[in-house]
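Student: predicted structure and sequence below. I'll ask about it afterward.
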Number of protein chains: 2
Amino acid sequence: MARRNQHSREQLQALAIQAVRELISEQGLGKLSVRKVADRIGYAPGMLYHIFSNLDDLILHTNAGTLDTLLTSMQALSGQPPRQALLAMAGSYLALAREQTPLWQLVFLHRMNNQAPVPPWYQQRAEALFALVEQQMARLGQQRDDDAVRLATRTLWSSVHGIAVLAADDKLDVGGDVDEKAMLQSLIHHYLQSWAGQ
Amino acid sequence: MARRNQHSREQLQALAIQAVRELISEQGLGKLSVRKVADRIGYAPGMLYHIFSNLDDLILHTNAGTLDTLLTSMQALSGQPPRQALLAMAGSYLALAREQTPLWQLVFLHRMNNQAPVPPWYQQRAEALFALVEQQMARLGQQRDDDAVRLATRTLWSSVHGIAVLAADDKLDVGGDVDEKAMLQSLIHHYLQSWAGQ
């Protein structure tokens, strides 16, 4: 509470999100609480409740930052020919899972308390990511209708997600070592080869 | 403790595993403890420690039962032509994720405490499942060497896993509804179409 007036609302929000990142890297996802975040940044928990409505809200803001980072890195790759773009985007998705595993898991493992709906400002970010991939798929499958492009985008990205999930969990070692980048390449090459009919 | 002598070791093991199944269905994965399992079956926790070395061991035995069920259902599908067999096997994997979500999550989300290694009797089950899929891939890709078959098997199954993970979490709804069975079909059809070169 000593620091109550030292930071603007925006600064405090950024500090809290940074504290969430540090705490989950150090202690995992299960032990996160508003009190711990407040302790870490030297404020009383009540102060955080002026900025975030609850722990869910704080987690969603943290996750939005993660999705924004991913979106920025994927956007930077979208100017290439579609197959290369898709492989590079999948690579940046995998890199996030590998290099920022707790942050990545927080995006996918977090569930809203009491089944509260995900707010629109968050949903929009997930959709923007999806749209980036869909755009490349539409470029590749020019003769396909929107439903077909959507199905293929969903299929390919869920598959990339599967490789990323197993890589992040170090669960790819059943049946011998396999390079996850070789898996991404194999997936994207063969799926697109048949789907785009080239 | 009143019931201490009513059950054989095997019966008690089965009762405890059944109790784990019920508890995670009712309360999720996070709250499981040896004490709760003991309470549920009317024994003292100490009795369970005669049978399972710790909570990890009890969870692994529960998971082994889940993998055995999956193995049995996948084995029953292995007599078909390889593409049909792979699609049907993927379907039974997805069905488990959908219909027995907590049990399925326990297999994939459980991590050994203190990074203890997974014991061989458990590892063998995971390998047996993988071998079933690999067998079908080897039938399809007769001109491919072992490494190529292994990479493709790993790639395809991680992809199936990704669809199952998102389906089980109800996280397939970004960007409009898509039927997860249509996704499995699309994945397996296009991947194999290019990979098997037919």
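Tutor: Here it is on my side, so go on. Numbers count the residues shown, from 1 in each chain, chains lettered A, B, ... in the order given.

Student: how about the lowest-mean-pLDDT helix or strand in chain A: buried residues?
Tutor: Lowest on mean pLDDT, DSSP states H and E among the helices and strands of chain A sits helix A:101-109, with a mean of 88. For helix A:101-109, a neighbour-count test (16 or more other C-beta atoms under 10 Å in any protein chain shown) marks A:101, A:102, A:103, A:104, A:105, A:106, A:107, A:108 as buried. (C-beta placed from N, C-alpha, C; glycine too.)

Student: now, which of those lie close to chain B?
Tutor: For chain B, the contacts drawn from those by C-beta under 8 Å from any C-beta of the partner chain are residue A:108.

Student: can you tell me the centre-most residue of chain A?
Tutor: By C-alpha atoms, centre = their mean, chain A has its centre lying nearest to residue A:67, at 4.7 Å.

Student: do I have it right that that one meets residue A:124?
Tutor: No. Look at residue A:67 against residue A:124 with C-beta atoms under 8 Å: they stay out of range, at 9.7 Å.

Student: in chain A, what residue comes closest to chain B?
Tutor: When scored by C-beta to the nearest C-beta, chain A has residue A:162 as its residue closest to chain B, at 2.2 Å.

Student: who touches stretch A:57-72?
Tutor: The contact list for stretch A:57-72 (C-beta atoms under 8 Å, 6 or more residues apart in numbering or on different chains) reads A:13, A:16-17, A:20-21, A:32, A:34, A:37, A:48, A:52, A:92-93, A:96, A:100, A:103-104, A:106-107, A:110, A:118-119, A:121-122, A:125-126, A:128-129, A:132.

Student: whichever helix or strand residue A:58 is part of versus helix A:101-109: what angle between them?
Tutor: Take DSSP states H and E as the rule and residue A:58 turns out to sit in helix A:55-75. Taking axes from the mean of the first three to the mean of the last three C-alpha atoms, to 10 degrees, one finds helix A:55-75 and helix A:101-109 inclined to each other by 110 degrees.

Student: buried residues in helix A:55-75?
Tutor: For helix A:55-75, using 16+ other C-beta under 10 Å, the buried residues are A:55-67, A:70-71, A:73-74.

Student: check stretch A:138-156 too.
Tutor: Buried, per 16+ other C-beta under 10 Å, within stretch A:138-156: A:138-141, A:144, A:149-156.

Student: could you pick out which of those are near chain B?
Tutor: Among the buried residues of stretch A:138-156, chain B is touched by A:150, A:151, A:152, A:153, A:154, A:155 when using C-beta under 8 Å from any C-beta.

Student: and the lengthiest helix in chain A, how far out from the chain middle?
Tutor: Secondary structure assigned by DSSP state H gives helix A:146-168 as the longest helix of chain A. With C-alpha atoms, centre = their mean, to the nearest Å as the basis, helix A:146-168 stands 14 Å off its chain's centre.

Student: check which element follows the helix holding residue A:58 along the chain.
Tutor: Per DSSP H and E, the first helix or strand lying C-terminal to helix A:55-75 is helix A:82-99.

Student: now for that next one, which elements pack on it?
Tutor: Applying 3 or more C-beta pairs under 8 Å, 6 or more residues apart in numbering or on different chains; DSSP states H and E, one finds that helix A:82-99 contacts helix A:55-75, helix A:101-109, helix A:120-140, helix A:146-168, helix A:180-195.

Student: lowest mean pLDDT across those helices, which one is that?
Tutor: When those are compared on average pLDDT, helix A:101-109 comes out lowest at a mean of 88.

Student: now do that one: everything it contacts.
Tutor: Under C-beta under 8 Å, 6+ apart, the answer for helix A:101-109 is A:20-21, A:24-25, A:28-29, A:59, A:62-63, A:66-67, A:96-97, A:161, A:164-165, A:168, B:169, B:171.

Student: buried subset of those residues, written for PyMOL?
Tutor: Only the buried entries of the contacts of helix A:101-109 go into this PyMOL selection, using 16+ other C-beta under 10 Å:
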select buried, chain A and resi 20+21+24+59+62+63+66+67+96+97+161+164+165+168
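
Student: hmm, back to that, render the CA-only coordinates of the helix holding residue A:58 in PDB, please.
Tutor: Provided in PDB are the C-alpha atoms of helix A:55-75 (Å, rounded to 0.1, in the frame of the first residue of the first chain):
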ATOM      1  CA  LEU A  55      -8.200 -13.600 -11.100                       C
ATOM      2  CA  ASP A  56      -9.900 -14.700 -14.300                       C
ATOM      3  CA  ASP A  57      -9.700 -11.200 -15.600                       C
ATOM      4  CA  LEU A  58      -6.100 -10.800 -14.700                       C
ATOM      5  CA  ILE A  59      -5.300 -14.100 -16.400                       C
ATOM      6  CA  LEU A  60      -7.200 -13.100 -19.500                       C
ATOM      7  CA  HIS A  61      -5.200  -9.900 -19.700                       C
ATOM      8  CA  THR A  62      -2.000 -11.900 -19.400                       C
ATOM      9  CA  ASN A  63      -3.100 -14.200 -22.100                       C
ATOM     10  CA  ALA A  64      -4.100 -11.400 -24.300                       C
ATOM     11  CA  GLY A  65      -0.500 -10.100 -24.100                       C
ATOM     12  CA  THR A  66       0.800 -13.600 -25.100                       C
ATOM     13  CA  LEU A  67      -1.600 -13.700 -28.100                       C
ATOM     14  CA  ASP A  68      -0.600 -10.200 -29.100                       C
ATOM     15  CA  THR A  69       3.100 -11.300 -29.200                       C
ATOM     16  CA  LEU A  70       2.200 -14.400 -31.200                       C
ATOM     17  CA  LEU A  71       0.100 -12.300 -33.600                       C
ATOM     18  CA  THR A  72       2.900  -9.800 -34.200                       C
ATOM     19  CA  SER A  73       5.400 -12.600 -34.900                       C
ATOM     20  CA  MET A  74       2.900 -14.400 -37.200                       C
ATOM     21  CA  GLN A  75       2.000 -11.200 -39.000                       C
END
